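Q: fold the following for me, if possible:
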Amino acid sequence: MSEPVAEMPESLQPVAKAVQERYPQANVAFRTDGWLEVHIPVDQSPEFFRYLKEHPGLSFDYLSSITAVDYQEKGFQVVYHLVSMGIDAKGNRQLVVKIDVPRDNPRVPSVVEVWPTADFHEREAFDLMGIVFDGHPNLRRILLREDWVGHPLRKDYVDRRPPRPRVVR
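A: Residues are numbered from 1 along each chain as shown. Just a heads-up that it's a prediction; the model follows:
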């Protein structure tokens, strides 16, 4: 049995309307967990994110996280969690933006110029999943050694290091 779909809160209705009017190709849906979800094509991302942050009626001024999901045959999905906390915000506004990228060339434009906090989030997704953020000012590994081979959160990753003995104390 499927979960009943909750009614979209009044605070998110103008957000959904503004996004759908400006980006008719975007897929907008309200989720039962209270987040508004938007799927956009990769080529729309730089302009779209600036619009979300700078449009007076939206003001998504806080980037909570950027992560990536490996769907193997379907490719990757880069996921952005945004919150509108500014003085223009009316009520609790949470937005998740999803961008599908191909497995053979996982590239998306960087959003560091829009939200400087994206710096570490993008580096982590690059390090662990191999997503390249074009235009990032310092895209290099953040968690693993520089000489590490591969991206360990990919589902097809194989650890080629020799096994180490387990030590139990």
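
Q: could you dump stretch 116-123 to CSV, C-alpha only?
A: Extracted in CSV, the C-alpha atoms of stretch 116-123 (Å, rounded to 0.1, in the frame of the first residue of the first chain):
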residue,chain,number,x,y,z
PRO,A,116,30.9,29.0,-1.3
THR,A,117,30.1,26.1,1.1
ALA,A,118,29.8,23.9,-1.9
ASP,A,119,33.6,23.7,-2.0
PHE,A,120,34.0,20.8,0.4
HIS,A,121,30.8,19.1,-0.7
GLU,A,122,31.9,19.0,-4.3
ARG,A,123,35.4,17.8,-3.4
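
Q: what's the mean pLDDT across the longest helix seen in the chain?
A: Ranked by residue count under DSSP state H, the longest helix found in the chain is helix 118-129. The average pLDDT within helix 118-129 is 98.

Q: which residues touch K98?
A: E37, V38, H39, I40, Q77, V78, V79, Y80 (C-beta atoms under 8 Å, 6 or more residues apart in numbering). All C-beta atoms are positioned from the backbone trio N, CA, C, and that covers glycine.

Q: which element follows the host helix or strand of the first one toward the C-terminus?
A: Going back to what we said before, that points to E37. Using DSSP states H and E, E37 sits within strand 36-39. Using DSSP H and E, the helix or strand that directly follows strand 36-39 along the chain is helix 45-54.

Q: and that next one, what other elements does it pack with?
A: Applying 3 or more C-beta pairs under 8 Å, 6 or more residues apart in numbering; DSSP states H and E, we find helix 45-54 packed against strand 93-101, strand 107-109.

Q: lovely, talk soon.
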